[in-house]
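**Q** Need a 3D model of the following:
(chains A and B)
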Amino acid sequence: AQSVSQHNHHVILSEAASLELGCNYSYGGTVNLFWYVQYPGQHLQLLLKYFSGDPLVKGIKGFEAEFIKSKFSFNLRKPSVQWSDTAEYFCAVNVRGSGNTGKLIFGQGTTLQVKP
Amino acid sequence: DTAVSQTPKYLVTQMGNDKSIKCEQNLGHDTMYWYKQDSKKFLKIMFSYNNKELIINETVPNRFSPKSPDKAHLNLHINSLELGDSAVYFCASSLSGGRPSNYGYTFGSGTRLTVV
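**A** Prediction:
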């Protein structure tokens, strides 16, 4: 069965520090990849997505992610975090091709706490 | 102008009761989903409908019954509520859920269900 693993469960950073959140998935076929953010008490919002093309994807709010197919990874990065980035971050995968029902498989989430 | 709206936002009920959560999307999407987020923030798909047809039915107790009267609406009815049903339930929608989509998924704001 496909699965998504996020290595960091809880990350604490000071403002202006750089961020990298790890995400690995287990599936040998073609996938669509997503990062979602959930601010406290709010719904999930799409940060960025990768379907094909340039493996370095830029999203909203200065976030970017790099798809490394050989490592089955899709790590999220931001060069300088702000206090307002405090939130829960979810990596998600959707399997492409026949049998693609559109469902997203989520990682367990990473809580990011940014100290002012 | 909410894209995916869920009602109610909060629901507190006693064990054994039957309750419904409603979801509506005005994005013109053809696929809708129910996800459950547990107390550890883990998100898991429950059901998906594509053009009113059930396409995903994960291992969910049959006390949970989804209904899609049209492709803009997906409701979730839960019978005989149990303590373990307490969670946040998110509705989501996407375009062409059966094929690779360039539009991603849009989530509702969630319904926090508390069973006492």
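**Q** Now do the same for the residue of chain A found nearest chain B: helix, strand or coil?
**A** Sorted by distance to chain B under CB to the nearest CB, the residues of chain A start with residue A:102, at 2.8 Å. Where C-beta positions appear, they are placed from N, C-alpha and C, glycine not excepted. When classified by DSSP: H, G, I helix; E, B strand; the rest coil, residue A:102 comes out as coil.
**Q** On the pLDDT front, check residue B:97 for me.
**A** We have a pLDDT of 49 for residue B:97.
**Q** An error on my part: the question was meant for residue A:97.
**A** Reading off the model, residue A:97 has pLDDT 60.
**Q** Mind listing the residues bridging to residue 25?
**A** In the absence of a named chain, this looks at chain A. residue A:4 (DSSP bridges).
**Q** that's the wrong chain, I wanted chain B
**A** residue B:4.
**Q** quick one: contacts for it?
**A** Residues near residue B:25 by CB atoms under 8 Å, 6 or more residues apart in numbering or on different chains: B:3-5, B:32, B:72-73, B:91, B:93, B:106, B:108.
**Q** the strands in the chain, which residues?
**A** With no chain named, the answer covers chain A. Using DSSP state E, the strands found in chain A span residues A:3-5, A:10-14, A:19-21, A:24-26, A:31-38, A:44-50, A:56-58, A:64-68, A:73-78, A:87-95, A:105-106, A:110-115.
**Q** actually it's chain B I care about, not the one you picked
**A** B:4-7, B:10-13, B:19-25, B:31-37, B:43-50, B:53-57, B:64-70, B:73-78, B:87-94, B:105-107, B:111-115.
**Q** would you turn those strands into TSV with mean pLDDT?
**A** Below are the strands of chain B laid out as TSV (pLDDT from 0 to 100):
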stretch	mean pLDDT
strand B:4-7	94
strand B:10-13	97
strand B:19-25	97
strand B:31-37	92
strand B:43-50	90
strand B:53-57	83
strand B:64-70	93
strand B:73-78	96
strand B:87-94	93
strand B:105-107	88
strand B:111-115	96
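**Q** among those strands, which is nearest residue A:75?
**A** strand B:43-50 (19.4 Å; CB to CB).
**Q** Contacts for the closest one, please.
**A** By CB under 8 Å, 6+ apart, strand B:43-50 touches A:44, A:90, A:92, A:101-106, A:109, B:30-38, B:54-58, B:60, B:64, B:66, B:68, B:71, B:74, B:76, B:90, B:97-98.
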